[in-house]
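S.K.: sequence-free structure coming up:
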């Protein structure tokens, strides 16, 4: 306990104020970053792993196929038309696969969208590697224009054998107001 | 006590500028009773709407405002300040101190409360209405979908957090520095012990709540995305931060209640408290465990199985120190020369009903079973058994127990016992059926429900009206005692009561223990 005054009660009080300030700081400098780190590390919430994927000697496991389902949805207030071109694919673990999502901005003005992925079951998230994804970047679209949004992915050969179907869901958010500000780019 | 003491100042200034722990304690107690009535009124509106299925009296939006404000007002306005008031009155008298350690800060921590709750209540009349995201105000309900009053709400939480932190710092500083010579830690009355530990919990977690609402404020007004997935945040983070505060908070509410019961049961059993040391250690263990169990409030949020298991076992572990306490109270009564005055009745009511609430808590702690119970009326029944029959019953017992000491007049015992029995029956009629409707699938926080729940809900509503009305009897009894109760002058109001507060004259003089009392070193704790 640090000493600030001759009065012991004042010392106690000052130390306790320091504890309170530290606990307030704890929320921002420990809890928030720790939460994000844990979610990344454990793949909780279907948050895909943030680490870059280095392809392990591309050996395609043709002994099994995994069904990949694609879902697209809009966050509230987002007017874009946003949908996958194929809703389902059968893939072999280890193979490089590609598909395309379509987005159209029906509004008269330019907007910026940001797609946020989520993988279900969450247990599959660490085994689903995106080598190219429109969700890595913000997507600007002029008024009344459309774009094709490419996606390339590899399902890991180590995917647990009991997982037969993986659902990849994208939610597109309107980030026009925030564009330029720091936003997550995963 | 000497005879030269100046009495209290006259007029309104006495209350505005007072630094006297008894005045401040009195103001806290009256304020919390006003909030108890206000929060109770919100509850009556809720129960009136739920009296029958279908939409009867209020809009769904207003119903949500009622559930939200009922929770906020009862937790932060009624229960917490009432125990702070009791601490102000009793801790200096129990440890032989002349006043609290930081009396001017004490004045501040009380006087910032009433304007805060006035502001919170005023949101009812604002455009868009009061906050309606529930007392847990989960994001994004409280951020993206919140009305403009959310900013007032955030400010209120900040200020009342400040008040709680100041109050706790004062209590810790008092207990650590102002004990009479010879009053060692292990001789302190258990009420002082439980409050000391509670105050540490408050200093640790109220800033976390402040952090949570600060992040909300920044998300709502300054374009950050702590809880918004659009900017890379996550609403689940809110739940983690909230419950990291919220779980210790429920012990902040119940630990002082444990302290009160540990004072009163020995007095009316005419035996010292059984297992004093184990009571202290159990309290400390509960406080420690409260920091590592928060996610049991969010089993259904999508945690990994390992997380569910950890939080399940850690939660179940809390039953051990809590069980130690319950058995100690029962053992204190064992073969005691028991009498059943009103404070004792409320303590026994506490003991029975709190144990039921503890058992339903144990049921809720089982992660796979919780998927069925989560957000159902079973949870509502559980936490009202521990909050109302736990905290409020013990607070009621405390008022009956110490009121004669405070004002030198005896309350009406018949009326007190009547109050107990009406409360006990009303309470159980309200909340016991809610276990059944919850298990049958009735969700909490809804203004309308399926027809098969109609009978139990009607019972609940009738019970709530009975319980609510019985509090008016309490208010009447207290006022009648203060104004015209039978005068008493025995230092010991209760023949079995032990402790320093019973060595001073009755009614307690404005200033006490200006010269520290002598503590008999051989005498055990009180």
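M.R.: Thanks, I have the structure now. This is a predicted model, so every value here is computed, not measured.
S.K.: Now the residue in chain B positioned nearest to chain A. Its backbone dihedrals?
M.R.: Scanning chain B for the residue nearest chain A gives residue B:232, at 2.5 Å (criterion: Cβ to the nearest Cβ). No exception for glycine: its C-beta is placed from N, CA and C like everyone else's. In terms of degrees, to the nearest 10, the main-chain angles of residue B:232 are phi 90, psi 0.
S.K.: Would you mind confirming that it is in contact with residue B:225?
M.R.: Yes: if you go by Cβ atoms under 8 Å, residue B:232 and residue B:225 touch, sitting 5.9 Å apart.
S.K.: Compare the two and say which is more crowded by neighbours.
M.R.: residue B:225 (22 against 17; other Cβ atoms under 10 Å in any protein chain shown).
S.K.: now that one, what's its secondary structure?
M.R.: Of the three states, residue B:225 takes coil under DSSP: H, G, I helix; E, B strand; the rest coil.
S.K.: In chain A, what helix or strand scores lowest on average pLDDT?
M.R.: When the helices and strands of chain A are scored by mean pLDDT, DSSP states H and E, helix A:32-42 comes last with a mean of 82.
S.K.: so which strand or helix has residue B:372?
M.R.: helix B:367-373 (DSSP states H and E).
S.K.: Give me the buried stretch members for the longest helix belonging to chain A, please.
M.R.: Counting by DSSP state H, the longest helix found in chain A is helix A:8-26. Residues A:9-16, A:19-20, A:23-24, A:26 are the ones in helix A:8-26 that count as buried (16 or more other Cβ atoms under 10 Å in any protein chain shown).
S.K.: what sits against residue B:390?
M.R.: Neighbouring residues of residue B:390 by Cβ atoms under 8 Å, 6 or more residues apart in numbering or on different chains: B:253-254, B:257, B:350, B:353-354, B:357.
S.K.: Out of the residues you listed, which two sit at the greatest distance?
M.R.: Based on Cβ to Cβ, the longest span within those runs between B:253 and B:353 and measures 15.0 Å.
S.K.: Paired strands for the strand or helix carrying residue A:113, with orientation please.
M.R.: Assigned by DSSP H and E, residue A:113 belongs to strand A:111-120. Here strand A:111-120 is paired, per DSSP bridges, with strand A:139-141 (antiparallel), strand A:165-174 (antiparallel).
S.K.: Now do the last one, average pLDDT.
M.R.: Per-residue pLDDT values across strand A:165-174 average out to 90.
S.K.: Distance from it to the middle of the chain?
M.R.: Its chain's C-alpha centre and that of strand A:165-174 lie 9 Å apart, by Cα atoms, centre = their mean, to the nearest Å.
S.K.: Over to stretch B:307-327?
M.R.: Taking Cα atoms, centre = their mean, one finds the center of stretch B:307-327 at 21 Å from the center of the full chain.
S.K.: Now the terminal residues of it, how far apart.
M.R.: 31 Å (Cα to Cα, to the nearest Å).
S.K.: Give me the buried positions along it.
M.R.: Buried residues in stretch B:307-327, counted by 16+ other Cβ under 10 Å: B:307-308, B:310-312, B:314-315, B:317-318, B:321-322, B:324-326.
S.K.: Which pair of these spans the longest distance?
M.R.: Checking the buried residues of stretch B:307-327 with Cβ to Cβ, the most distant pair is B:307 and B:326, at 29.2 Å.
S.K.: which residues touch the helix or strand that comes right after the least confident helix or strand of chain A?
M.R.: Later in the chain than helix A:32-42, the nearest helix or strand by DSSP H and E is strand A:66-74. The list of residues contacting strand A:66-74 from outside it, by Cβ under 8 Å, 6+ apart, reads A:80, A:82-84, A:86-93, A:97, A:99, A:101, A:153, A:155, A:159, A:163-172.
S.K.: Buried residues of whatever helix or strand residue B:216 lives in, list them for me.
M.R.: When elements are assigned from DSSP H and E, residue B:216 belongs to helix B:190-221. Judged by neighbour count (16+ other Cβ under 10 Å), helix B:190-221 contains these buried residues: B:190-217, B:219-220.
S.K.: give the contact list for residue 165.
M.R.: Using chain A. For residue A:165, the contact set (Cβ under 8 Å, 6+ apart) comprises A:66-69.
S.K.: that's the other chain; I wanted chain B
M.R.: If you count contacts by Cβ under 8 Å, 6+ apart, residue B:165 has them with A:20, B:202-203, B:206-207.
S.K.: can you rerun that using 10 Å?
M.R.: With contact set as Cβ atoms under 10 Å, 6 or more residues apart in numbering or on different chains, residue B:165 has these partners: A:16-17, A:19-20, A:23-24, B:109, B:199, B:202-207, B:210.
S.K.: and the nearest residue to residue B:495 once chain neighbours are set aside, how far is that from residue B:379?
M.R.: Excluding its sequence neighbours, the residue lying closest to residue B:495 (Cβ to Cβ, 6 or more residues apart in numbering or on different chains) is residue B:270, at 7.6 Å. For residue B:270, the distance to residue B:379 (Cβ to Cβ, to the nearest Å) stands at 39 Å.
S.K.: what about the strand or helix carrying residue B:246, near chain A?
M.R.: Element membership for residue B:246, per DSSP H and E: helix B:235-269. Yes: applying Cβ under 10 Å from any Cβ of the partner chain, one finds helix B:235-269 touching chain A at B:236-237, B:240-241, B:244-245.
S.K.: Give me the residue ranges of the stretch 401-526 of chain B where confidence is low.
M.R.: Residue ranges of the stretch 401-526 of chain B with pLDDT under 70: B:522-526.
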